[in-house]
Structures are given as structure tokens and as C-alpha cells.
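In: Here is my input; please provide its structure:
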Amino acid sequence: MRVGSEKSRFRNGFVRVGLIPGGGGTWLYTRLMGLGRGLEFLFTGDFLEAEEAQRIGVLNKLVPADNLERDSMELARKIANNPPLAVQMSKMMAYKALDTDLEAALEQSAACQALALSSEDHREGVNAFIEKREARFKGK
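Out: This next block holds a predicted model:
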């Protein structure tokens with residue numbers, strides 16, 4: 001997840017010095033931006049401005065520059081306050097889903113859901129809902 005400000009700019013400058021992107025850039029950019037926009041980004045070395053980055057999904061959220069750290073930390077806290085096991089399993093399944101078919105993803109989901117259903121965090125979440133209070137998750 002990526003949060004940026006109106007001042008954010010992105011550039012794949014490797015091509016301008018006769019190199020290819022390191023760190024998996026060719027794999028990442030085309031998946032994140034779509035093939036056409038990713039190739040343009042790779043081949044031109046042009047800047048991707050904040051508004052366009054948000055429009056094509058490179059940025060999840062665009063905030064004023066003065067609020068960038070605060071809003072980024074707010075998102076991080078929001079995620080951190082959720083049950084760790086559910087977040088970790090969802091993250092793992094989302095990334096694995098990029099390289100698997102629906103049937104395999106459904107099998108993995110069923111296995112992970114069985115673990116989640118037996119967790120203390122699930123019980124805490126249900127109890128907090130019934131008691132109309134904030135849940136206190138422990139990652140168990």
C-alpha cells in the first residue's frame with residue numbers, strides 16, 4: 001500500500017543510463033500499472049506525477065504533503081489494530097493468488113479460515129462485537 005502527496009513523483013531512471021530496473025521493476029511495474037503504462041514507464045524514463053499515480057493505482061491514497069506522515073501512520077495503525085493472524089494470512093493468500101488458479105486459492109482460503117475460526121482473536125472479535133466494544137487482539 002502506498003500513500004503519497006501532491007509533491008510525489010516517480011521515475012524509472014535506469015533506462016536513461018543504459019540499465020534495466022533492479023529489484024524486479026519490470027515484473028512490478030507492469031503488474032501495478034498495467035502492461036501498456038508499465039512499458040511506457042520502463043521505456044521512457046519519464047516522471048509519473050502524483051495525480052496520475054493515484055489514478056492508475058500506483059498510490060492508494062493522495063494526501064496533502066503536510067499530512068503525509070500523519071496519514072501514513074494512521075493507515076499503519078488501522079492495520080496494526082486488526083487481528084494479526086487474519087491480516088498475515090490475508091497478505092500471504094493475496095500474494096500467492098497472483099501465481100495460482102481460483103481452485104487452489106479456494107483450498108488455501110478454507111485451510112486458513114479453519115485456523116482463523118479457532119483463534120483467540122476470532123473469539124475476541126465476536127465477543128467485542130456482541131459487547132459493543134473495541135476488540136483487543138493479541139495475535140493468538
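In: For Gly25, give me the pLDDT.
Out: The predicted structure scores Gly25 at 89 on the pLDDT scale.
In: pretty sure it is touching Phe14, no?
Out: Yes - taking contacts as C-beta atoms under 8 Å, Gly25 lies within contact range of Phe14: 7.3 Å. In this view, the C-beta of every residue, glycine as well, is placed from N, C-alpha and C.
In: check contacts around the residue nearest to Met1 when sequence neighbours are not counted.
Out: The spatially closest residue to Met1, leaving aside those adjacent along the chain, is Asn60, at 5.0 Å (C-beta to C-beta, 6 or more residues apart in numbering). Contact analysis of Asn60 by C-beta atoms under 8 Å, 6 or more residues apart in numbering lists 1-3, 54.
In: from the residues you listed, which is closest to Met89?
Out: Nearest to Met89 out of these is Met1 (C-beta to C-beta; 17.1 Å).
In: now what about the host helix or strand of Ala76, what contacts it?
Out: Assigned by DSSP states H and E, Ala76 belongs to helix 68-80. Helix 68-80 is contacted by residues 1, 3-5, 61, 63, 87 when judged by C-beta under 8 Å, 6+ apart.
In: Which residues belonging to the longest helix that the chain contains are considered buried?
Out: Longest helix in the chain by number of residues (criterion: DSSP state H): helix 102-117. Neighbour counts over helix 102-117 (16 or more other C-beta atoms under 10 Å) mark 108, 112, 116 as buried.
In: okay but the second one is in contact with Met93, surely?
Out: Yes - using C-beta under 8 Å, Cys112 makes contact with Met93 at a distance of 6.3 Å.
In: that older thread, let me see the mean pLDDT of the helix holding Ala76.
Out: Here the average pLDDT along helix 68-80 is 95.
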